[in-house]
Structure formats: structure tokens, C-alpha cells
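Chemist: fold the following.
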Amino acid sequence: MPEAWYSRRGLDDPGLFVGSLIAGPVFLLLLDRTIQFNWILGLCLTLLFSVFLAVLLSGWRRRIYREYSRSFVGAFLLMTLMLAIVVFSSASMILFRLNPHSYSGAATIEMMMFTRYYVWLALEAIPGIRIADTFNWQRPLQHHGPIASGYLLLFRLVVLATLLKAVKEWLYPNTQPATA
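Modeler: Predicted coordinates:
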């Protein structure tokens with residue numbers, strides 16, 4: 001579809017946001033069922049979604065979103081965050097199936113617990129708000145070992161840093177950095 005089609009879509013079109021909200025749970029369910037059936041198939045599907053996430057994140061880093069309407073960008077910010085949560089939840093679930101001591105904090109750990117964990121991490125990354133402290137939410141899981149720590153670090157550095165920068169530029173599009 002031509003880019004002009006995207007740029008005509010305005011705030012009066014809630015379909016983009018609804019689609020973003022539906023896609024995350026659908027991806028999550030698909031990965032959850034695949035991992036339950038066979039972790040190798042789940043790993044393959046996770047890698048496929050990871051490639052899609054990498055493409056989205058590289059687009060945010062290159063600032064290609066400047067060509068589109070604010071509602072389109074908002075919907076894709078939400079979609080990128082949800083896809084990142086799904087991908088990292090899936091990767092963590094596969095790690096947990098291979099090494100059950102890599103995460104603790106619940107009697108039974110399932111895919112939804114990892115989703116809650118990464119949502120909690122995303123909410124904690126919002127600067128200055130301290131959502132978990134405000135609502136007295138406890139961290140759903142604890143990670144143990146270098147691989148689980150690496151997942152957490154990768155999620156924070158690559159995904160959250162990129163998306164928080166994009167949100168800032170999306171909310172304040174006319175601010176230009178000062179040149180020396």
C-alpha cells in the first residue's frame with residue numbers, strides 16, 4: 001500500500017489501536033501453545049517474531065515514523081512494545097523449560113507469568129512515575145543466572161530505551177537538539 005494511505009489515517013480511526021491490542025494476545029497464545037507442544041517449534045517461532053521485532057526496532061532507531069500520522073505511530077509503538085513483551089516472555093519460558101532454576105517467585109510458572117514480568121518491567125521503566133511503588137505491586141518473578149540476566153538487560157537496553165526515546169519524540173515532535 002502506498003505511504004499516502006497511512007498518512008491519511010487520523011485519530012478518528014481506532015482500528016490501528018484495536019488491532020495492536022488484539023495482536024499481542026494472539027501472538028502470545030500462539031507462542032504459548034507452540035511451546036507447550038514442542039519447545040523447539042516454540043523456539044523457531046520465537047526467532048521468527050524476534051526478527052520482526054528487530055525490524056520494528058531498527059525502524060524506530062532510524063526514525064522512519066516521522067513520515068506517518070501520530071495515531072499510526074502511537075499504534076505501532078504499542079504494537080512494538082507488545083511484540084517485545086511476547087518475544088521476551090517466550091524466550092524466558094523456553095529458558096525456564098530448559099533450566100527450571102532460572103526463574104523463581106511463583107508456585108507454578110507459566111507463560112502468562114513471564115508476560116506479567118515483562119509488563120511490570122515496562123511499567124517500571126516509565127521515568128518518574130514509579131507505578132509499582134504507587135500501587136504496591138511486587139515483582140512477579142525473580143531471575144537467576146547469566147542468561148536470564150542477559151534477557152533482562154537486553155529488554156531494558158534495546159527495547160525499552162528505544163521505545164522510550166521514540167515516545168519522547170512522538171509526544172514532542174518539534175523539539176530539535178541543540179547544536180554546539
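
Chemist: what is the top helix by length along the chain packed up against?
Modeler: In the chain, with assignment by DSSP state H, the single longest helix is helix 70-98. Packing contacts for helix 70-98, counted by 3 or more Cβ pairs under 8 Å, 6 or more residues apart in numbering; DSSP states H and E, involve helix 15-37, helix 39-62, strand 103-104, helix 111-124, helix 146-154, helix 161-171. The C-beta positions use only the backbone N, C-alpha and C, and glycine is treated the same way.

Chemist: and among those, the most buried is which?
Modeler: helix 111-124 (a mean of 19; mean count of other Cβ atoms under 10 Å).

Chemist: which other helices and strands does it contact?
Modeler: Packing partners of helix 111-124 (3+ Cβ pairs under 8 Å, 6+ apart): helix 15-37, helix 70-98, helix 131-135.

Chemist: pull the distance from it to the chain's centre.
Modeler: 10 Å (Cα atoms, centre = their mean, to the nearest Å).

Chemist: again, but for stretch 33-41
Modeler: Worked out by Cα atoms, centre = their mean, stretch 33-41 lies 21 Å from the chain centre.

Chemist: pull the number of nearby residues for Ala125.
Modeler: Residues near Ala125, counting by other Cβ atoms under 10 Å, number 16.

Chemist: repeat that for the one 5 residues further on.
Modeler: The tally of other residues near Arg130 (other Cβ under 10 Å) stands at 11.

Chemist: apart from its chain neighbours, what residue comes closest to it?
Modeler: Computed as Cβ to Cβ, 6 or more residues apart in numbering, the closest residue to Arg130 that is not its neighbour in sequence is Glu124, at 8.0 Å.

Chemist: do the same with Val158
Modeler: Leu57 (6.6 Å).

Chemist: per-residue pLDDT of the one you found, please?
Modeler: According to the prediction, Leu57 has pLDDT 76.

Chemist: residues contacting it?
Modeler: For Leu57, the contacting residues are Thr80, Ala84, Val158, Val159, Thr162, by Cβ atoms under 8 Å, 6 or more residues apart in numbering.

Chemist: hmm, which of those are the buried ones?
Modeler: Thr80, Ala84, Val159, Thr162 (16 or more other Cβ atoms under 10 Å).

Chemist: and the pLDDT at the second one?
Modeler: Meaning Ala84. Model confidence at Ala84 (pLDDT) stands at 86.

Chemist: go on, the third one?
Modeler: Confidence at Val159, expressed as pLDDT, is 82.

Chemist: if I look at the closest residue to it other than its chain neighbours, how far off is Gly105?
Modeler: Once flanking residues are discounted, Val159 sits nearest to Ala84: 4.3 Å by Cβ to Cβ, 6+ apart. Per Cβ to Cβ, to the nearest Å, Ala84 is found 21 Å from Gly105.

Chemist: report pLDDT for Pro2.
Modeler: 44.
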